[in-house]
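# Need coordinates for the following:
(one chain, ligands or ions: 1)
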Amino acid sequence: MSRVWNFSAGPAALPPAVLERARDELLDWNGSGASVMEQSHRGKRFIAMAAQAEADLRTLLAVPDDYAVLFVQGGATQQFAQIPMNLVAEGDSADYIDSGHWSAKAISEAAPYVKVNVAASARDGGYRRLPPREGWQLDPQAAYVHYTSNETIHGVEFHDIPDVGAVPLVADMSSNILSEPLDVSRFGLIYAGAQKNIGPSGLVLVIVRRDLLQRPGRPMARIFRYAEHAANNSMLNTPNTWGWYLAGLTFQWLLALGGLGVMAQHNRAKAEWLYQAIDGSAGYYHNPIEPGARSRMNVPFTLHDNALDAVFLQESEAAGLLALKGHKAVGGMRASLYNAVSMEAVQALAGFMRDFAQRHG
Ligand code: PMP
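All right, here's what the predicted structure looks like:
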């Protein structure tokens, strides 16, 4: 069996150690004689595993006690709507920072539930830089401020947590959560789809300051209400048991590696290696993002002649480098360098790129 170097933007590469462990205990999990997918979420084995996963996540991110951690479903996309449903009252407005494709989606999906104020936007510049903090038109009365800490498609990332004063800060961290240590206490709510740095798709992590659970929000079914999920340990209905289990294995893998400080060093080194390969190619490859805003997780790049795109994709795949095709919104290529992507994979990619440039100069 041979595994490819996988640069998929998501669902993305999972750590081989996690997959091997899942394989080894697939048919007989935890001495139960059945797989984890075949058991009640109300059983004591599952409840213990779920609690351990939450405890491990709390350790990794040093989540303060006054925050609830939820393991829910519906993708990050459902959160775009669920956040305003829960956090705003009739007539409230919320501030949004438009830094790329996903923040624009968050804005359009929130619009039926809250008066959206786009406090800053980088759209005019083609989302090649972050909107400078000093230009943000924030409303001190806003119900919250929403931003996307890493734009998976455009490849821009906030390297600092923006200061927004007393208004709760809400972040879509789908594509950079767990990539480095994080000061959770700076946020009102953090959410992330699992399929990049956490586990398989179908699971969403929500970390929410408990006082925000008291907000009445809009009239809604219980399934949408964070307070209900928190009160029921994310078992208001049947959770994604398989996703939760794999997330738990990923958290253990991260802890065994030494935690998020160690992971941050790996991630920085990987990104530097790839950006150097691009910047050092004498214009053969190009990344359009302002250097200070470049993402460590998603690196879009173009070839000097886009007539070579198809050949690049064909040859890279033949060389065992998977999923380098860029998103159609920006074209070209994209390499995603999430936690489970090794330095070895990045070096293989950079080596291939150098070789390709020589052969197709
Ligand atoms: N936000 C970001 C930053 C994303 O990268 C994605 C998906 N790639 C989403 C939201 C949407 O996630 P989902 O498909 O899980 O709804």
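
# show me the contacts for Asp163.
Arg133 (Cβ atoms under 8 Å, 6 or more residues apart in numbering). All C-beta spots, glycine's among them, are computed from the backbone N, C-alpha and C.

# Use 262 as the first number from now on
Will do, 262 is the new start, and the previous item becomes Asp424.

# Quickly find the element holding it.
Here Asp424 sits in a region with no helix or strand, counting by DSSP states H and E.

# Next one: it relative to Ala618, how far apart?
Noted for Asp424: a distance of 42 Å to Ala618, by Cβ to Cβ, to the nearest Å.

# Quick check: buried residues in stretch 508-522?
Neighbour counts over stretch 508-522 (16 or more other Cβ atoms under 10 Å) mark 508-515, 520-521 as buried.

# Serialize these to a markdown table and add fields for distance to the ligand.
Output for these, formatted as a markdown table (distance: Cβ to the nearest ligand atom, whole Å):
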| residue | distance to the ligand |
| --- | --- |
| Ala508 | 14 |
| Gly509 | 19 |
| Leu510 | 20 |
| Thr511 | 16 |
| Phe512 | 19 |
| Gln513 | 23 |
| Trp514 | 21 |
| Leu515 | 20 |
| Gly520 | 23 |
| Leu521 | 19 |
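
# In strands only, show me these.
Assigned to strands by DSSP state E, none of the buried residues of stretch 508-522 qualify.

# which among those residues gets closest to Pro442?
Leu521 (4.5 Å; Cβ to Cβ).

# Surely the closest one is in contact with Leu439?
Yes. With contacts counted by Cβ atoms under 8 Å, Leu521 reaches Leu439, the gap being 6.4 Å.

# any shared contact partners between these two?
Counting by Cβ under 8 Å, 6+ apart, the common neighbours of Leu521 and Leu439 are 321-322, 515.

# Which stretches in the stretch 262-411 of the chain count as helices?
277-285, 305-322, 336-348, 362-371 (DSSP state H, counting those that start in this stretch).

# Comparing those, which stretch has the densest surroundings?
Among the helices of the stretch 262-411 of the chain, helix 336-348 has the highest mean neighbour count (mean count of other Cβ atoms under 10 Å), at a mean of 22.

# Please identify which residue in the stretch 462-611 of the chain comes closest to the ligand.
Residue nearest to the ligand within the stretch 462-611 of the chain (Cβ to the nearest ligand atom): Ser462, separated by 6.2 Å.

# Over to the chain?
Gly336 (2.6 Å).

# Give the full set of residues in contact with the residue lying closest to that residue once chain neighbours are set aside.
Computed as Cβ to Cβ, 6 or more residues apart in numbering, the closest residue to Gly336 that is not its neighbour in sequence is Gly454, at 5.4 Å. The neighbours of Gly454, taking Cβ under 8 Å, 6+ apart as the test, are 271, 336-337, 435, 462, 464-465.

# Grab the nearest non-local neighbour of Val279.
In space, Val279 is closest to Leu510, 4.5 Å off (Cβ to Cβ, 6+ apart).

# Now do the residue nearest to Gly336, the pLDDT please.
For Gly454, the model assigns a pLDDT of 98.
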